[in-house]
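Trainee: predicted model and sequence follow; I will ask about them next.
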Amino acid sequence: MKGDRILEIRHLSKTFGTNPVLKDIDFSVSSGDVTCIIGASGSGKSTLLRCLNLLETPTTGEIMYHGTNIADKKVNAPQYRSKVGMVFQSFNLFNNMTVLENCIIGQVKVLKKNKTDAHKNAMYYLEKVGIKVNLNLMPKSNFFTYIKPAENKSMLLQTGWSDASGDGLSLLHDMLRTYNREAGQGTVNRGHYSNPEVDALISQAFTEFDDAKRGELVAEADKIARDDYAYIPLHFEQDTYAIKDTLNYTPRMNKYVLAWEFSYK
């Protein structure tokens, strides 16, 4: 019922050694309340919350939860925590689980719900924050170590990448060259694409000083990769330069603007 007293803090204090962090704190929280604790960094906000969830033991005082002093050593702390949620400043998902599994495990392990009810509950709350489809996702750091290209013949991987060389060579080196961790090659080749012909063209392009010939090598490698890998560029950037009409300047492919390349008309 709205207005019922849920939590009452009485004369709560916490010291670390000789350093007092919380001094004689008193406040209460009733059903329907939203209580904000505002203060400078290091003023004890996190320590207070940790005391309320029994992650820290108060030095003195009482924490009354529905009339029971949970600061008493006889209280079953895990059982109490199952009823009082806490979100840490630096919270993390379990990397070996999908998003949906992360939302289910606490309900099953702590609240002892069956998996069917936990699944329905997770879906309900995820939909409330706008996540309605494709819930069996993994954190990126785990997904790319989990996939096995030899077994997963069809994968759609979207990525963004810039190309400092301006001619596409850096893009091919990082995204389409055979993955070689020690040599730093194919560092974002997530699908583990490999074609010796493409690798050879990329290597040749890196040693070619003539811009036109290097461009031809890059174009040839790019065509081969697109034909057998479904490599689809989604964005092509076009840059516009504005300069005084008394100056001459030819833009560089790598987009660097060098003062000594300007000249007067």
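Mentor: Nice, I can see it.
Trainee: and S90, which of the three is it?
Mentor: coil (DSSP: H, G, I helix; E, B strand; the rest coil).
Trainee: OK, contacts around it?
Mentor: Counting by Cβ atoms under 8 Å, 6 or more residues apart in numbering, S90 touches no other residue. Yep, even glycine has a C-beta here, placed from its N, CA and C like the rest.
Trainee: for the residue lying closest to G61 once chain neighbours are set aside, grab phi and psi.
Mentor: Spatial nearest neighbour of G61, chain neighbours left out: L12 (3.5 Å); criterion: Cβ to Cβ, 6 or more residues apart in numbering. Main-chain torsions, L12, degrees, to the nearest 10: phi -80, psi 130.
Trainee: wait, doesn't L12 sit right on L22?
Mentor: Yes - the criterion here is Cβ atoms under 8 Å, and L12 meets it with L22 at 6.0 Å.
Trainee: what about the strands in the stretch 1-150 of the chain?
Mentor: Taking DSSP state E, counting those that start in this stretch to define them, one finds strands in the stretch 1-150 of the chain at 5-16, 19-30, 60-65, 68-69.
Trainee: hmm, back to that, between L12 and L22, what contacts are shared?
Mentor: Residues touching both L12 and L22 (Cβ under 8 Å, 6+ apart) are L48, C51, P58.
Trainee: least confident secondary structure element in this structure?
Mentor: Sorting the helices and strands of the chain by mean pLDDT, DSSP states H and E puts helix 140-146 at the bottom, at a mean of 59.
Trainee: just checking, next helix/strand downstream of that one?
Mentor: helix 169-175 (DSSP states H and E).
Trainee: list the helices and strands that next one packs on?
Mentor: Under the contact definition 3 or more Cβ pairs under 8 Å, 6 or more residues apart in numbering; DSSP states H and E, helix 169-175 sits against helix 196-206, helix 211-229.
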